[in-house]
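>>> Provided below for reference: sequence and predicted model.
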Amino acid sequence: MDETGVPIGAANKLSPEMSVAIDKAHGVLAEAGTDAKFSVNLRNAKGVVVGDNARQWNTFWELPKSVRRLLIVLLAGVLVVSTGFVVVRWIVPIFAPVYKTTFLIDAAAGDLASVTGALTTVVGNSGERDSQSLRSFGGECGSDDNTTQLVGFGTGNRQEIADAARSVRQGTKATLQRGIVEAVGDFTTPLSLKAKQVNRIIVVTRHGRDACDPDDEFVQAQIRDRVAAAGLSIEFRFIGYQVSDDGELTRLAAQLEQQSPAFTDSPEELRRVLAWFTTIEPVLRSSQSVVNVLNPTVDKLNSATKSVEDGRFDLAEPALAQARAAVVDLQIEDLDGRTGTPDAVRLRDMSVRLRALQGEVVAGAEALLGEARSGRNPAGPLDVYTRAAAAYNAEAKKMTEALTSLRAQAPGGVR
């Protein structure tokens, strides 16, 4: 088509000649649309067509309804599984307890009142964040109810455990083997939360052996195999109360590679030993862990400062990195829930102070290293670091002495 110039009048109106020319051009285009001489492949177009005479063909593939439903179900299943994995892998462990403890008490013939009385007195001072349960054993051999879980695992159930202990009924024979085996099984129930640090069973028994199976070696093997099958590290604390034959209970503890049983004769002594295992031992463990984690980092920083003075910055950096990575938040969180006794409060406060002082030591070391790298005189930062390290060491010494003194009060293994 020839180009046509369009003169514009003063009133911006097309002249009659130009109007005729435009109409003629549209007529030619309309005829070309019916018999196009050119075509453009628009298969990859995105749904946009430019031009008056362009054409576009779109092909849509429609899946059968049954296939669409199957795809929806599969996608929903993948979403559910993925969500479940995220919950189990990352969210659930956040709520896991530091300790899981089962109290396993002997309800067979004997002084049951003293056992339940000691437990109801002591359990109120246990860790408020501990997940605890209560199981009793004692009854007829071969009977399904010769051991019973009275309270399942849970936090904040200390009063429930005390109430259940008061309602324990006297049994007949000491079904010690089945009581321990079932107590181990309580830790592996579906969807149960695993402890972050410690799984343990505190056994209070008035009998040194199982009354239903005279083969002590078989009993020990059965318990050992059940613990191994659980796939967990479970600690046992055996307390023998007025036990006439303590040899078998001692051998059972040895077979399970646990510390020796503590044997008691009076209700007062039983209460003291049960309180030790329930309230004091966890405090000692967490407090000692704080010292074990923080002390080595400060010792290495003390050596690193000498390297800084000699210009060996490369030796100081690893020590600083290790000190920064030393975290005791979990231990202190556990101690925060164990303030039922004066000793527990004192050690918790010491742990908090020690963590703060270690932070000051790290900050002093960082300032010292930065000053030395810059080439300036490090005397000022070195003095700050030295004072921070001295304060830490003094507090660490006091805490170690407190731990040693408290550990000396632990119950002995034999009478």
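That came through, no problem.
>>> show me where the protein has its strands.
In the chain, the segments counted as strands under DSSP state E are 99-106, 131-137, 147-154, 198-205, 234-241, 262-264.
>>> let me have those strands in TSV, extended by mean neighbour count, distance to Gln222 and mean pLDDT.
To be clear about C-beta, it is placed using only N, CA and C from the backbone, and glycine gets the same treatment. TSV is the format used below for the strands of the chain (neighbours: other Cβ atoms under 10 Å; distance: least, Cβ to Cβ, whole Å; pLDDT from 0 to 100):
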stretch	mean neighbour count	distance to Gln222	mean pLDDT
strand 99-106	26	16	96
strand 131-137	25	14	97
strand 147-154	18	14	96
strand 198-205	23	15	96
strand 234-241	23	15	95
strand 262-264	23	24	95
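>>> possible to save those strands as JSON lines with distance to Ser192?
Shown next, in JSON lines, are those (distance: least, Cβ to Cβ, whole Å):
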{"stretch": "strand 99-106", "distance to Ser192": "8"}
{"stretch": "strand 131-137", "distance to Ser192": "9"}
{"stretch": "strand 147-154", "distance to Ser192": "6"}
{"stretch": "strand 198-205", "distance to Ser192": "11"}
{"stretch": "strand 234-241", "distance to Ser192": "13"}
{"stretch": "strand 262-264", "distance to Ser192": "28"}
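>>> wait, which of those is closest to Val293?
In terms of Cβ to Cβ, the element of the strands of the chain nearest to Val293 is strand 198-205, at 16.4 Å.
>>> where does the prediction get shaky in this protein?
Residue ranges of the chain with pLDDT under 70: 1-62, 82-95, 191, 412-415.
>>> name the residues of the biggest helix by length in it that are buried.
Selection of the longest helix in the chain by residue count, based on DSSP state H, yields helix 342-374. Neighbour-count burial for helix 342-374 flags 343-344, 346-348, 350-351, 353-355, 357-362, 364-369, 371-372 (criterion: 16 or more other Cβ atoms under 10 Å).
>>> show me what it is packed up against.
Helices and strands in packing contact with helix 342-374 are listed as helix 281-309, helix 313-325, helix 329-336, helix 379-407; criterion 3 or more Cβ pairs under 8 Å, 6 or more residues apart in numbering; DSSP states H and E.
>>> among these, single out whichever gets nearest to Leu70.
When those are ranked by proximity to Leu70 (Cβ to Cβ), helix 329-336 comes first, at 46.3 Å.
>>> flag every buried residue along the closest one.
In helix 329-336, counting by 16+ other Cβ under 10 Å, buried: Gln331, Ile332, Asp334, Leu335.
>>> was I right to think the third one contacts Ser286?
To tie it back to what came earlier, the one meant is Asp334. Yes. Between Asp334 and Ser286 a contact is recorded at 4.7 Å, counting by Cβ atoms under 8 Å.
>>> now for the two: what residues contact both?
Taking Cβ atoms under 8 Å, 6 or more residues apart in numbering as the criterion, Asp334 and Ser286 both touch Val98.
>>> find the nearest non-adjacent residue to Ile332, please.
Leaving aside its sequence neighbours, Ile332 sits nearest to Ser351 (Cβ to Cβ, 6 or more residues apart in numbering; 5.4 Å).
>>> now the one you found: how far from Glu395?
10 Å (Cβ to Cβ, to the nearest Å).
>>> and if you look at Phe238?
36 Å.
>>> and what of Asn292?
To Glu395, Asn292 is 15 Å away according to Cβ to Cβ.
>>> who has more neighbours, these two?
When neighbours are counted by other Cβ atoms under 10 Å, Asn292 and Glu395 differ, and Glu395 comes out ahead with 17 against 11.
>>> looking at it, that one is touching Leu354, isn't it?
Yes. Under the criterion of Cβ under 8 Å, Glu395 makes contact with Leu354 at 5.4 Å.
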